[in-house]
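> Quick one: sequence and predicted model below, then my questions.
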Amino acid sequence: MKFTPNRRHARHRWIRLFSVGLLALFSFVSNNSFAQAVPRKIKNRVEPVYPELAKRNNIIGSARVELLVAPDGRVKDVKVLGGNPVLVQAVMAAVVKWKYEPAAEESSVVIKFDFNP
């Protein structure tokens with residue numbers, strides 16, 4: 001005998017699928033996977049110096065980096081997200097000297113600097 005689902009069975013199946021999807025979404029959100037954290041305040045900020053090489057070659061633009069900040073507030077790692085390598089080097093030299101307020105756990109911050117002579 002061949003099983004043919006009726007409308008009630010199909011409706012229950014959709015309700016179960018929706019419930020499972022909703023539960024998965026809730027668990028994803030509750031893990032703070034994409035929730036924004038409160039930004040940490042900078043205690044010590046060193047501005048990047050516009051490189052002499054960039055001045056001579058009329059290099060303008062921006063550099064973007066992502067900082068990994070340790071719980072004690074020091075910059076633990078710098079990841080380059082984009083920009084002219086000459087400008088990025090200047091930004092990296094400055095941000096490793098930054099110091100943030102302490103926090104309970106590591107955090108990441110995206111920084112963008114615009115260089116215009």
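It's in. Residues are numbered from 1 along each chain as shown.

> V80: how many residues sit nearby?
Counted with other CB atoms under 10 Å, the neighbours of V80 add up to 14. C-betas here are computed from N, CA, C, even on glycine.

> Quick check, it in contact with V95.
No. Assessed by CB atoms under 8 Å, V80 is found out of contact with V95, at 11.0 Å.

> list residues touching both of these two?
Shared between the contact lists of V80 and V95 (criterion: CB atoms under 8 Å, 6 or more residues apart in numbering) are residues V65.

> List the residues that contact A90.
P48, V49, Y50, P51, A54, A63, F115.

> Using the three-state scheme, assign the third one.
I take that to be Y50. With DSSP: H, G, I helix; E, B strand; the rest coil as the basis, Y50 sits in coil.

> What is the burial count for it?
Neighbourhood size, Y50 [other CB under 10 Å]: 17.

> Surely P102 is within a strand?
No. If the criterion is three-state DSSP, then P102 is coil and not within a strand.

> Quick check: chain neighbours aside, which residue is closest to it?
Counting by CB to CB, 6 or more residues apart in numbering, P102 lies nearest to G73, which is 5.1 Å off, once chain neighbours are set aside.

> Test my guess that the one you found contacts E105.
No. Contact criterion CB under 8 Å: G73 and E105 do not qualify, at 12.0 Å.

> the more surrounded of those two?
Neighbours were counted for G73 and for E105 using other CB under 10 Å; G73 has more, 18 against 8.

> and that one, what are its phi and psi?
Taking degrees, to the nearest 10, you get phi 100, psi -10 for the backbone angles of G73.

> for the protein, what spans make up the strands?
For the chain, the strands defined by DSSP state E cover 42-44, 61-69, 75-83, 99-100, 107-115.

> In a markdown table: the ones you listed, plus distance to Q89.
Formatted as a markdown table, the strands of the chain follow (distance: least, CB to CB, whole Å):
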| stretch | distance to Q89 |
| --- | --- |
| strand 42-44 | 20 |
| strand 61-69 | 9 |
| strand 75-83 | 10 |
| strand 99-100 | 21 |
| strand 107-115 | 12 |
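
> so what's the residue lying closest to V110 once chain neighbours are set aside up against?
Closest residue to V110 apart from its sequence neighbours, by CB to CB, 6+ apart: E66 at 5.1 Å. Going by CB under 8 Å, 6+ apart, E66 touches V78, K79, L81, S108, V109, V110, I111.
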